[in-house]
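Asker: predicted model follows, preceded by the sequence.
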Amino acid sequence: MGEPGFVAKTLLLTRKDLRIEMRARDTLVPMLAFTFAVTLLLAFTLPTTGDNERAIAGASATTVADVLAGFFWITILFAGLVGFARTFETEQAEGAIDSLLLVPLDRSGLFLAKALANLTFIVIVEAFLLPLFVLLFTLDAGPGLVPLVLVILLVDVGFVAVGTLFASVAAQTSSRELILPVLALPALIPVFIAGVDLTSDLIAGGSFGTLVEAGWFGVLIAFDVILGITAALVFEFVLE
Amino acid sequence: MAAQPSTSRSSRNLRVLGVAAWGLLGLSLIFIFFVAREADDYPGGGPLQRIFYFHVPSAWVAYLAFAVVFISSIAYLRTAERRWDLLAHGSAEIGVLFTSLVLITGPIWARPAWGTWWQWDARLTSTLILWLTYLGYLFLRSLTRDPARSGRLAAVVGIVGFLDVPIVHFSVRWWRTLHPSGPTPADPTNSSGLGAGELLAFFTALIAFTLLFAWFLAMRVRIGRLADEVDRLEIDAGRASRVLTTEATEVPVAGT
């Protein structure tokens, strides 16, 4: 009975990764810095309105919503890939990968642990980016805020599943920073199309009802379930 | 698949397959240009419509090739047998080639027919993403020298990439589709008004392209086997020469 279960061991490994990050701060800080810089650059690309607000001059509310939703998810996508590329960095640099593989835990548990750590990172980045958008682009989600958080979390699940899997594939090759986006970007297109469309609906004043009616919602859940399960299953073949 | 480098029987089979594929392709050209003339007098018919006989069979072969990659990848992860890896690798290369043909012939037709080279339509978008996915797959294969590791990693990407395809398709289906649907291997009765000559030309081209795919694949697997053989011989030769040099240096040592 003393042996901890699957969930306990998985969470233990996630806690280990988060503790390393809290002490070393070499993944989250670059991700946040990247996010901030990209958002500023995006803000400079938009024409200002007369009262010096960074909205789009002369554009309708739906166009603004479309553009902001696209900005938000592209920033998250690249910030995520910057961070996920480091998924097995510490283990490989310090030769700790063998000890990690010796943990008496199914490989899907190891995948889950890494994915949960990456999920934590990306949620923190989003918690930073969303207020930044309110500040810089006067984004107003209003009553759509709760469904917006739901959409963000659903996109995150698919993003993290594919990102973590391909990051561990990339870690096994000679050029990990190069191959990760090449593999992950095409695979992530559906989840991001769905995310951008739903986010733009919600920013433009949609509510929970419109969210459920949109077919995108089904795409998002199908992507999360199919690719989440597949990624957890094939992960054991990546590390050997 | 059945390409043992040393047996003359499989190499004869391969030759028969090649002759059949290219012969049928020649026959389909005759059908396409001299028999399938029903639409010649209609707007959009004639030379423009003939792209269809190359475009659709290419698309069919591309999907077939990626399905072979998917199945071979699963088989490789289960058995770790080299032949599945060779099959997956070869099929991915051919799939990318035919997807490129689809993406080239499509816009050539679309420009006069739709008035635009490209549309963000469900079928076009999913084909483009498919092409990108398997380009990444081939790029990944080029990064790792160790064949076992390269095979494992590529198989993982081959499986995930293929499962992504239907989701991509559904995720872009809400953008209104312009793409015409016609007879497919799954639904040959959906003729969309093709005449008897056109159907003859189309199905001949379809079979010819499929045989061509089989021939390419068999050749590619055979080349892969031969490359493995060369690697093995080089390793053996290297080992032998190392043994010789150590013996040569050891002789005087033993003499003193």
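Answerer: Noted; the coordinates are in hand.

Asker: other SSEs contacting the lowest-mean-pLDDT helix or strand in chain A?
Answerer: Ranked by mean pLDDT, DSSP states H and E, the weakest helix or strand in chain A is helix A:208-213, scoring a mean of 73. Contacts defined by 3 or more Cβ pairs under 8 Å, 6 or more residues apart in numbering or on different chains; DSSP states H and E place helix A:208-213 against helix A:145-171, helix A:176-203. In this view, the C-beta of every residue, glycine as well, is placed from N, C-alpha and C.

Asker: CA atoms only for it, dumped as PDB, please.
Answerer: Coordinates of each C-alpha in helix A:208-213 appear next as PDB, following Å, rounded to 0.1, in the frame of the first residue of the first chain:
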ATOM      1  CA  PHE A 208     -22.000  30.700 -24.000                       C
ATOM      2  CA  GLY A 209     -25.000  29.800 -26.100                       C
ATOM      3  CA  THR A 210     -23.300  30.900 -29.400                       C
ATOM      4  CA  LEU A 211     -20.200  29.000 -28.300                       C
ATOM      5  CA  VAL A 212     -22.000  25.700 -28.000                       C
ATOM      6  CA  GLU A 213     -23.900  26.200 -31.300                       C
END
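
Asker: returning to that earlier point: and the helices and strands packed on helix A:208-213 as a markdown table, adding mean neighbour count?
Answerer: Putting those into a markdown table (neighbours: other Cβ atoms under 10 Å in any protein chain shown) gives the following:
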| stretch | mean neighbour count |
| --- | --- |
| helix A:145-171 | 23 |
| helix A:176-203 | 23 |
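
Asker: least reliable of those going by mean pLDDT?
Answerer: Per-stretch mean pLDDT for these is lowest at helix A:176-203 (a mean of 89).

Asker: that one vs chain B: in contact?
Answerer: Yes. Helix A:176-203 lies within reach of chain B by Cβ under 8 Å from any Cβ of the partner chain, at A:Ile179, A:Val182, A:Leu183, A:Leu185, A:Pro186, A:Ala187, A:Ile189, A:Pro190, A:Ile193, A:Ala194.

Asker: quick check: angle from that helix to helix A:145-171?
Answerer: Using axes from the mean of the first three to the mean of the last three Cα atoms, to 10 degrees, the direction of helix A:176-203 lies 170 degrees away from that of helix A:145-171.

Asker: in chain A, what residue spans correspond to helices?
Answerer: Ranges of helices within chain A are A:6-24, A:28-45, A:61-84, A:89-93, A:97-102, A:107-137, A:145-171, A:176-203, A:208-213, A:216-238, based on DSSP state H.

Asker: now what about the shortest one, what contacts it?
Answerer: Just to be clear, that refers to helix A:89-93. A:Ile20, A:Ala24, A:Ala96, A:Ile97, A:Leu100, A:Ala171 (Cβ atoms under 8 Å, 6 or more residues apart in numbering or on different chains).

Asker: quick one: it to chain centroid distance?
Answerer: 21 Å (Cα atoms, centre = their mean, to the nearest Å).

Asker: out of the contacts of helix A:89-93, grab the one that's most surrounded.
Answerer: Neighbour counts for the contacts of helix A:89-93, by other Cβ atoms under 10 Å in any protein chain shown, peak at A:Ala171, which reaches 20 neighbours.

Asker: related to what we said a few turns ago, turn the helices of chain A into a markdown table, columns for distance to B:Glu38.
Answerer: As requested, these are exported to a markdown table (distance: least, Cβ to Cβ, whole Å):
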| stretch | distance to B:Glu38 |
| --- | --- |
| helix A:6-24 | 64 |
| helix A:28-45 | 53 |
| helix A:61-84 | 45 |
| helix A:89-93 | 63 |
| helix A:97-102 | 64 |
| helix A:107-137 | 56 |
| helix A:145-171 | 47 |
| helix A:176-203 | 39 |
| helix A:208-213 | 44 |
| helix A:216-238 | 40 |
